[in-house]
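Student: Have a look at this prediction, sequence included:
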Amino acid sequence: MDQPHALLVASPGLGHLIPMLELGNRLSSVLNVKVTVFAVTTGSSSPTESEAMHAAAARGTCEITELPPVDIDHLVEPDATVVTKIFAKMRAMKPAFQDAVKSMNRKPTVLVVDFFGTGLMSAADEAGLTAKYLYVPSHAWFLAVIVTLPVWDKVVEGEYVDIKEPLKIPGCRPVGPDDLLDTILDRSNHQYRECVRCGEEVPTSDGVLVNTWEELQGNTLAALREGGESSRVMKVPVYAIGPNIRSKGPMEKPNSMIFEWLDKQDARSVVYVCLGSGGALSFEQTVELAWGLELSGQRFLWVLRRPTSYLVASSSDEDQVSESLPEGFLDRTSGVGLVVTQWAPQVEILSHGSIGGFLSHCGWSSVLESLTNGVPIVAWPLYAEQWMNATLLTEELGVAVRTSELPGKGVIGREEVASLVRKIVAEEDEEGRKVRAKAEEVKVSSERAWTQGGSSRSSLFEWAKRCGLVA
């Protein structure tokens with residue numbers, strides 16, 4: 001009997017490629033099914049995308065095919081947003097996708113796309129794939145927003161940022177103006193229409209896989225599923241199969257300096273500061289963050305990128321980063337802090353015993369990498385769904401503290417930075433102790449979700465039986 005075969009399609013960008021590759025690894029290792037990943041890359045020969053695919057291939061769990069790039073210049077305006085371009089590229093991939101499926105020696109039976117690839121589901125029908133599913137690498141509240149957006153589009157007048165009352169989703173936490181995805185704030189922008197269309201296309205799938213777990217978001221998951229056909233938020237089944245995160249392995253580049261330094265620090269004494277691959281700050285905010293770390297008196301590991309508004313004629317990014325810091329900062333904090341200006345292996349850093357907190361942009365992958373290690377978070381959201389992630393982490397899960405206003409809407413001062421860092425790392429802070437305890441509880445529940453009989457493991461097998469991957 002032929003081994004069951006699943007086809008996964010990853011949208012451009014490391015934030016979409018890695019979660020899909022890790023899902024493929026999970027399907028292969030847990031379900032023992034053949035997995036093929038079609039990777040739609042940025043087309044810029046990104047070394048990080050290549051490394052991600054190489055690492056997945058090295059584990060031998062997935063067969064990875066990079067689909068040929070397509071020209072979308074005639075489909076979008078020159079100043080179109082990244083989101084608009086990704087949606088356009090995924091729709092333009094239909095012919096290449098169908099040709100790639102036809103050329104496969106053994107056809108897959110199940111297709112899984114992420115929310116940027118909902119436009120490919122009609123092509124799946126034409127290619128003869130019998131089941132098509134959506135993978136949301138974010139959480140259940142995010143999914144609720146996406147599928148409710150077409151409803152809001154019809155009933156909400158004006159711009160969402162001008163609403164007086166939070167937007168409601170049946171059974172879920174309401175969504176305030178400071179929680180909304182930045183992609184929907186301007187209804188005249190084409191990316192808004194793309195998001196609405198995505199919400200309309202989600203119910204055309206046979207179901208949705210979500211990168212969360214029952215113990216973490218049970219109420220929201222129940223709200224998505226419960227009620228009659230006409231009243232429930234989701235019209236198709238929802239499977240919570242998280243946490244699904246990048247594993248340690250070949251992709252992690254050795255950086256002995258970082259780990260030699262971490263090995264010398266006390267347990268849970270270091271705050272790790274990293275704002276993601278797109279998380280560059282203004283010069284003024286970089287200075288205030290530096291002063292705040294110094295004033296906190298806590299040990300820190302800071303992965304620092306060049307400030308967005310600070311241009312100097314230096315010979316390297318490292319020089320530019322150094323010149324953006326307060327005068328004498330590196331000398332004064334020598335031994336207490338370590339500033340890294342190059343790529344750093346985040347998964348291994350967060351699993352190191354000396355890490356006691358994470359000042360993060362709150363991308364969902366980073367959030368899960370932190371919480372699965374019991375590391376509490378200082379929420380510093382910058383864009384996309386990170387604003388709602390920060391609200392979820394602080395107000396619902398209790399595993400984070402956050403700034404008094406959204407970063408980007410104002411400069412977060414040094415005293416506030418110092419206070420937030422001390423809260424999650426300093427042993428004597430009462431609020432910090434509660435946050436650290438909650439983070440540890442989430443770590444335990446994340447491990448339990450994938451044990452034999454655990455909620456995510458059971459959900460994955462339920463999905464696999466429904467779509468014929470397992471008997």
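Tutor: Perfect, thanks for sending it.
Student: residue boundaries of the helices in the stretch 1-150 of the chain?
Tutor: 14-31, 47-59, 82-92, 94-102, 121-126, 140-155 (DSSP state H, counting those that start in this stretch).
Student: Please name whichever of those helices is nearest to residue 178.
Tutor: Proximity to residue 178 (C-beta to C-beta) singles out helix 140-155 among those, at 13.5 Å. For glycine as for every other residue, the C-beta is placed from the backbone atoms N, C-alpha and C.
Student: Go ahead and name everything in contact with stretch 180-188.
Tutor: 81, 83, 145, 149, 159-161, 167, 191-192, 195, 383-385, 387-388 (C-beta atoms under 8 Å, 6 or more residues apart in numbering).
Student: right, I mislabeled it, should have said stretch 386-404
Tutor: By C-beta under 8 Å, 6+ apart, stretch 386-404 touches 138-139, 141-142, 145, 173, 175-176, 178-182, 216, 361-364, 367, 371, 376-381, 406, 412, 416, 420, 423-424, 431-432, 434-435, 438-439, 442.
Student: Next step: the residues you listed restricted to helices.
Tutor: Judged by DSSP state H, helices contain the following of the contacts of stretch 386-404: 141-142, 145, 216, 364, 367, 371, 416, 420, 423-424, 431-432, 434-435, 438-439, 442.
Student: so where's this structure shaky on pLDDT?
Tutor: 1, 42-60, 227-232, 248-255, 279, 306-321 (pLDDT under 70).
Student: residue boundaries of the helices in the stretch 151-300 of the chain?
Tutor: 190-201, 214-225, 256-263, 283-296.
Student: export those helices to a markdown table and tack on distance to residue 97?
Tutor: Listed next are the helices of the stretch 151-300 of the chain as a markdown table, based on distance: least, C-beta to C-beta, whole Å:
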| stretch | distance to residue 97 |
| --- | --- |
| helix 190-201 | 15 |
| helix 214-225 | 28 |
| helix 256-263 | 40 |
| helix 283-296 | 42 |
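Student: how about those in TSV, adding mean neighbour count?
Tutor: Compiled in TSV, the helices of the stretch 151-300 of the chain are given as follows (neighbours: other C-beta atoms under 10 Å):
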stretch	mean neighbour count
helix 190-201	20
helix 214-225	20
helix 256-263	14
helix 283-296	20
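Student: out of these, nearest to residue 134?
Tutor: helix 190-201 (8.6 Å).
Student: Output the contacting helices and strands for the closest one.
Tutor: In terms of contacts (3 or more C-beta pairs under 8 Å, 6 or more residues apart in numbering; DSSP states H and E), helix 190-201 is packed against helix 82-92, helix 140-155.
Student: could I get those helices as CSV with mean neighbour count and distance to residue 75?
Tutor: Formatted as CSV, the helices and strands packed on helix 190-201 follow (neighbours: other C-beta atoms under 10 Å; distance: least, C-beta to C-beta, whole Å):
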stretch, mean neighbour count, distance to residue 75
helix 82-92, 21, 5
helix 140-155, 20, 22
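Student: could you dump the ones you listed to JSON lines with distance to residue 236?
Tutor: Output for these, formatted as JSON lines (distance: least, C-beta to C-beta, whole Å):
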{"stretch": "helix 82-92", "distance to residue 236": "20"}
{"stretch": "helix 140-155", "distance to residue 236": "10"}
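Student: These: which one's closest to residue 70?
Tutor: Using C-beta to C-beta, the nearest of the helices and strands packed on helix 190-201 to residue 70 is helix 82-92, at 4.5 Å.
Student: Next, the angle from the closest one to helix 14-31.
Tutor: Angle, helix 82-92 to helix 14-31, by axes from the mean of the first three to the mean of the last three C-alpha atoms, to 10 degrees: 50 degrees.
Student: what does helix 82-92 contact?
Tutor: With C-beta under 8 Å, 6+ apart as the criterion, helix 82-92 contacts 11-13, 40, 70, 72, 75-76, 80, 116-117, 119-120, 183, 189-191, 194-195, 197-198.
Student: Name only those of the ones in helices among the contacts of stretch 386-404 that count as buried.
Tutor: 141-142, 145, 216, 364, 367, 371, 420, 423-424, 432, 435, 438-439, 442 (16 or more other C-beta atoms under 10 Å).
Student: Specify which member of these is nearest to residue 225.
Tutor: For these, the nearest to residue 225 is residue 141 (14.0 Å; C-beta to C-beta).
Student: Make sure the closest one is actually in contact with residue 171.
Tutor: No - checked against C-beta atoms under 8 Å, the pair residue 141 and residue 171 is beyond contact range at 11.1 Å.
Student: So for those two, which residues contact both of them?
Tutor: residue 220.
Student: OK, contacts around the residue nearest to the spatial centre of the chain?
Tutor: Closest residue to the average C-alpha location of the chain: residue 364 at 3.2 Å, with C-alpha atoms, centre = their mean. Contact analysis of residue 364 by C-beta under 8 Å, 6+ apart lists 137-139, 142, 211, 385, 389.
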